[in-house]
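S.K.: here is a sequence with its predicted model. Questions after.
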Amino acid sequence: MPSPQQNKLLVLFYHQVLKEADPILCDEPDAETFDWQMGVISKYFNVLPLSEAYELMIRGRLPRRAVCVTFDDGYANNIDVAYPILKKWNIPATFFIAVGFLDGGRMWNDTVIESIRRADQEYLDLSKFGLSGYEISDESQRLNVIREILNELKYLSVNERMHKVERIAEFIGKELPDHMMMRSEQVAELHKGGMEIGGHTVNHPILARLSSEEAESEIVSGKNVLYELLGDQVTSFAYPNGVPGKDYTGLHVDIVRRAGFRLAVSTAWGCATNRIDRYQLPRIGSWDRTPERFSLRLLRTYLDRNVLTA
Ligand SMILES: [Zn+2]
């Protein structure tokens, strides 16, 4: 009888690892936090590359307390800040890249965040964009306003969202950073360094909001761009935003399978087991800020009985 910790796979997901803590990006760990998090998992867990871990899991040969580390989107700090720490702890990771933002692009959410961070106003009236008026006289107000606006805009179509965000940024009128995402050659460098690169579409749309043709094009083109860049097959995929039934449906699972990916991850919370659809493996976020809480969260997720019957 396998113990509850056997043949279960815990997949952690990150977006950014910041050089220094940033109150506006308070869900993203800084280098110091990420360093001890990787220290904890390399000491107490068995870290494996995602594809290899999945193959071991379906053969019932996963080591106990198996963990994978993944990153979504393709932020430049993945290579500048996270990669040296991963190398230090000898941890393989998978990077899911939205290829449309490589080489100087900026994701729509970052345009909102970086505009509001820099806004001179203490009161921001965005009513002409179908939003509200917001007090932004201190950092915590700015943080709440950013969250509210991102939630408000997230489910618009890609074009409408982009258009609206660009108009808001123009209205606030600040110069914005254009080096937040990796350059193509940096993605290739991660791959050469033994890291896995996975698909994450071209423009990071909410797939469920697209026609099936558009969704297929986003998924397949994203994969092809990475294949051209790396000269290697891309076998893992992460659904943008990743909430099952809301951000993607069975239709998109089929497209991902037909596109030749061998596994895919969502942002459903929990441990993966071989009884869970290989194209919808759950993951867990990692925002604990003390080693005790972080370790406890990982162990609790392993021991969660619900995961065993999922
Ligand atoms: Zn993403």
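M.R.: Thanks, I have the structure now. Bear in mind the structure is a predicted one, so any value in this text is a computation, not a measurement.

S.K.: ignoring the adjacent residues along the chain, who's closest to the residue in the stretch 201-310 of the chain positioned nearest to the ion?
M.R.: Here the residue of the stretch 201-310 of the chain nearest the ion is residue 240; by CB to the ion that distance is 4.9 Å. Any C-beta I mention is one placed from the backbone N, CA and C, and that applies to glycine too. Of all residues not flanking residue 240 in the chain, residue 204 sits nearest, at 4.6 Å (CB to CB, 6 or more residues apart in numbering).

S.K.: tell me the SS of the residue nearest to the spatial centre of the chain?
M.R.: What sits nearest the mean C-alpha location of the chain, by CA atoms, centre = their mean, is residue 72, with 2.6 Å. Under DSSP: H, G, I helix; E, B strand; the rest coil, the three-state class of residue 72 is strand.

S.K.: bridging residues for the nearest residue to it once chain neighbours are set aside?
M.R.: Closest residue to residue 72 apart from its sequence neighbours, by CB to CB, 6+ apart: residue 96 at 4.9 Å. Residue 96 has the following beta-bridge partners by DSSP bridges: residue 72, residue 198.

S.K.: and residue 96, what does it touch?
M.R.: Counting by CB atoms under 8 Å, 6 or more residues apart in numbering, residue 96 touches 70, 71, 72, 73, 74, 198, 199, 200, 236, 237, 238, 265.

S.K.: the residue of the stretch 201-310 of the chain closest to the ion contacts residue 206, correct?
M.R.: Yes: with contacts defined as CB atoms under 8 Å, residue 240 counts as touching residue 206 at a distance of 6.5 Å.

S.K.: for the protein, which residue gets nearest to the ion?
M.R.: residue 72 (3.8 Å).

S.K.: that residue touches residue 14, doesn't it?
M.R.: Yes: contact criterion CB under 8 Å: residue 72 and residue 14 qualify, at 7.5 Å.

S.K.: and the furthest pair within the contacts of residue 96?
M.R.: Between any two of these, the greatest separation by CB to CB is 15.3 Å, found for 74 and 265.

S.K.: can you pull the pLDDT of residue 2?
M.R.: Here, the pLDDT recorded for residue 2 equals 51.

S.K.: likewise for residue 302?
M.R.: Reported pLDDT at residue 302 in the predicted model: 82.

S.K.: my guess is it contacts residue 44. True?
M.R.: No: contact criterion CB under 8 Å: residue 302 and residue 44 do not qualify, at 11.2 Å.

S.K.: before we move on, the earlier item: in contact with the residue of the chain closest to the ion, which residues are there?
M.R.: Taking CB under 8 Å, 6+ apart, we find residue 72 in contact with 13, 14, 15, 96, 200, 238, 242.
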